[in-house]
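Participant: need a 3D model of the sequence below.
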Amino acid sequence: MIDLEKKYTNKRNDEIKLSHIDRGIVYGWVNLGIDWYSRQWDEETGKVLLNAPDVNDLIEAKPRIKKTVWLNVYEDGTSIHSTKDFADMHNYSGRLACVKVEIDCEEGEGL
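Facilitator: So this is what the prediction gives:
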């Protein structure tokens, strides 16, 4: 069942904006790179209607994780910290580097 409060994409990961639901049909738009195109989907299944390719079927988008972490790098491993100051406070003997890492991924990516 499609929920207008959730975020959706499709198999090509295009941006989708849903407008409203009326009598089992979900109305909205798909951004295909250069412009927005109107689409309609089945409320129960999220399948695109009107003979459009199934690449446009709705898929619930997972939340993105965006954050910065700091890695202390040692000969025998690493430790991860939420701030540079915290990483520096845990600067044990033999630290080779303190590396800033920007994380921008979908929840569950790589699992």
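
Participant: pull up the pairing partners for whatever helix or strand residue 98 lives in, direction included.
Facilitator: Take DSSP states H and E as the rule and residue 98 turns out to sit in strand 95-106. Strand pairing for strand 95-106, using DSSP bridges, gives strand 64-74 (antiparallel).

Participant: kindly list the main-chain dihedrals of the residue in the chain sticking out farthest from the centre?
Facilitator: With distances taken as CA atoms, centre = their mean, the residue sitting farthest from the centre of the chain turns out to be residue 93, at 37.9 Å. Backbone torsions for residue 93, taken as degrees, to the nearest 10, come to phi -50, psi 130.

Participant: residue 39: what's it in contact with?
Facilitator: With contacts defined as CB atoms under 8 Å, 6 or more residues apart in numbering, the neighbours of residue 39 are 16, 27-30, 48-50, 52, 56. In short, each C-beta sits where N, CA and C put it, glycine included.

Participant: what do you get for residue 29?
Facilitator: With contacts defined as CB under 8 Å, 6+ apart, residue 29 is in contact with 16-17, 19, 36-39.

Participant: farthest-apart pair in those, please.
Facilitator: Based on CB to CB, the longest span within the contacts of residue 29 runs between 19 and 37 and measures 13.0 Å.
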